[in-house]
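Novice: Give the three-dimensional model of this entry:
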Amino acid sequence: MSPMDGCAWFLTFSGAVTTAVVVAPFLPVLMCLLAAIRRLRGRAPGAALRTAVLDVGLIYATVVPIWLTMVPGGHPGLVVHPWTDIPTMPHDALLGNLLLLAGIGFFVPMRFRLMSSVTLTTLLAMAISCAIETCQYVLPIGRVASIDDVILNTSGAAVAAILAVPWWARRPWARSVPAHVFLPSV
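Specialist: The predicted structure is shown next:
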């Protein structure tokens, strides 16, 4: 029996999802610890808690989905023609692709002043999605790289960024940003 046999379960979809669910209840504890550390370092209580929640949320919302996309699959492939996969995609895969980078779309504009724009956040999500699909194509993990995944991942992050606008637009630094920066031009 190889030492990796015990770790192989973590490289399955079930292992990734189960681990994510088991870890989730500990996130509030981690947020409180991080806020306490920041508070000890002199940050205001509200700012310490807010940044701790955003940081832990952003890390969890990034690591888990990227982990799921790197789970070994069946037959490798490449789909470069847009709108080829979407009509035949199972509903759970469609929803999963929409939600994959939604956490990034939601948390990034609230956490980073420079990214307080739906347009910039959407571009960041598109770049991350392209990197994921490139890894799925290049790495020998048996995954299909598809432009439709990029479209769905980016769309989900854009919708999440739009839903986050009420939270980050109230921040004092967001008031100085021109209104046209918040939504992409048509």
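Novice: Do you know the pLDDT at residue 146?
Specialist: On pLDDT, residue 146 comes in at 96.
Novice: helices and strands of the protein: which one has the lowest mean pLDDT?
Specialist: helix 5-8 (a mean of 58; mean pLDDT, DSSP states H and E).
Novice: Residue 28 sits in which helix or strand?
Specialist: helix 27-40 (DSSP states H and E).
Novice: C-alpha coordinates for that helix, PDB please?
Specialist: Taking Å, rounded to 0.1, in the frame of the first residue of the first chain, the C-alpha atoms of helix 27-40 are listed here in PDB:
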ATOM      1  CA  LEU A  27     -14.500  29.300   9.300                       C
ATOM      2  CA  PRO A  28     -16.200  31.600  11.900                       C
ATOM      3  CA  VAL A  29     -13.600  30.500  14.500                       C
ATOM      4  CA  LEU A  30     -10.800  31.300  12.100                       C
ATOM      5  CA  MET A  31     -12.500  34.700  11.300                       C
ATOM      6  CA  CYS A  32     -12.700  35.500  15.000                       C
ATOM      7  CA  LEU A  33      -9.000  34.500  15.600                       C
ATOM      8  CA  LEU A  34      -7.800  36.600  12.700                       C
ATOM      9  CA  ALA A  35      -9.900  39.600  13.800                       C
ATOM     10  CA  ALA A  36      -8.500  39.200  17.400                       C
ATOM     11  CA  ILE A  37      -4.900  39.200  16.000                       C
ATOM     12  CA  ARG A  38      -5.600  42.300  13.900                       C
ATOM     13  CA  ARG A  39      -7.200  43.900  16.900                       C
ATOM     14  CA  LEU A  40      -4.100  43.200  19.000                       C
END
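Novice: State the next helix or strand along the chain beyond that helix.
Specialist: Trace forward from helix 27-40 with DSSP H and E and the next one is helix 45-69.
Novice: Contacts for that next one next, please.
Specialist: 13, 16-17, 20, 23-24, 27, 30-32, 34-36, 38-39, 43, 96, 99-104, 106-108, 110-111, 132, 135-136, 143 (CB atoms under 8 Å, 6 or more residues apart in numbering). Placement of C-beta: from N, CA and C, glycine included.
Novice: Can you name the element that comes right after it?
Specialist: Downstream of helix 45-69 (by DSSP H and E), the next one is strand 77-79.
Novice: Give me the sheet partners of that following strand and which way each runs.
Specialist: Strand pairing for strand 77-79, using DSSP bridges, gives strand 144-146 (parallel).
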